[in-house]
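Chemist: predicted model and sequence below, questions to follow.
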Amino acid sequence: MILNSRNNLFSFKFPRNFVPDEVAEKYSEYLNRMPGALMSSAIDYVNLSVQGISMPGLAFDPISQEDNPGTTRYYRGAIPIQNTVERQFTVTMQLMDGYINYWIMLATLLYYYAKQNKEPFTDNLVLRILDAEGSGLASIVFEDPIMNSISELELNFSSNIAEFSTFDINFFYNKFNLKIELD
């Protein structure tokens, strides 16, 4: 029997050093005093809140040529593939109690854009595609990524019910590497 794909068959985690030490230390006391103390490090808390990832599709613009009046033919373009792909993706994260993961990611974004930070990129980010049994089928490595933006935080007194809310973080990357793991 052939199964339909499920949208939750992926694994995406930020690397251990994605959240800078100075940001992680700022939030460690708060995370340690949370009820149950399930998460003691900022990166574990951030990775727990990852809900989805949105990658752009692939499209090539053909070259058109009119052979005869009214007849148009299309050809593949000569532009290198890396210049035709929109090299960005979005990570959707669940807003946690106190919006703490939002503040951690906001502080991380500000850290990466601070003048004293000399690193041009974050560590590579890896998206693993899984099958129905949880085995890896493919790894997509986003090489030399930069964190570009974080979506707005909407607060509202008229909504006082705890509900599932999300925010988005946008990244640009310089190289896309697909590794098939069918062995």
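Modeler: Okay, I see it. Numbering: from 1, shown residues only.

Chemist: which residues are in contact with Tyr113?
Modeler: The contact partners of Tyr113, by CB atoms under 8 Å, 6 or more residues apart in numbering, come to none. All C-beta atoms are positioned from the backbone trio N, CA, C, and that covers glycine.

Chemist: and with 10 Å instead?
Modeler: Contacts for Tyr113 (CB atoms under 10 Å, 6 or more residues apart in numbering) come out as Ile146, Met147, Asn148.

Chemist: now tabulate those in a markdown table and tack on pLDDT, secondary structure and neighbour count.
Modeler: A markdown table is the format used below for the contacts of Tyr113 (pLDDT from 0 to 100; DSSP: H, G, I helix; E, B strand; the rest coil; neighbours: other CB atoms under 10 Å):
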| residue | pLDDT | secondary structure | neighbour count |
| --- | --- | --- | --- |
| Ile146 | 95 | strand | 17 |
| Met147 | 94 | strand | 22 |
| Asn148 | 93 | strand | 15 |
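
Chemist: from the residues you listed, which is closest to Ser135?
Modeler: Closest approach to Ser135 among the contacts of Tyr113 (CB to CB): Met147, at 30.0 Å.

Chemist: confirm for me that that closest one is in contact with Asn117.
Modeler: No: using CB atoms under 10 Å, Met147 is not in contact with Asn117, being 11.4 Å away.
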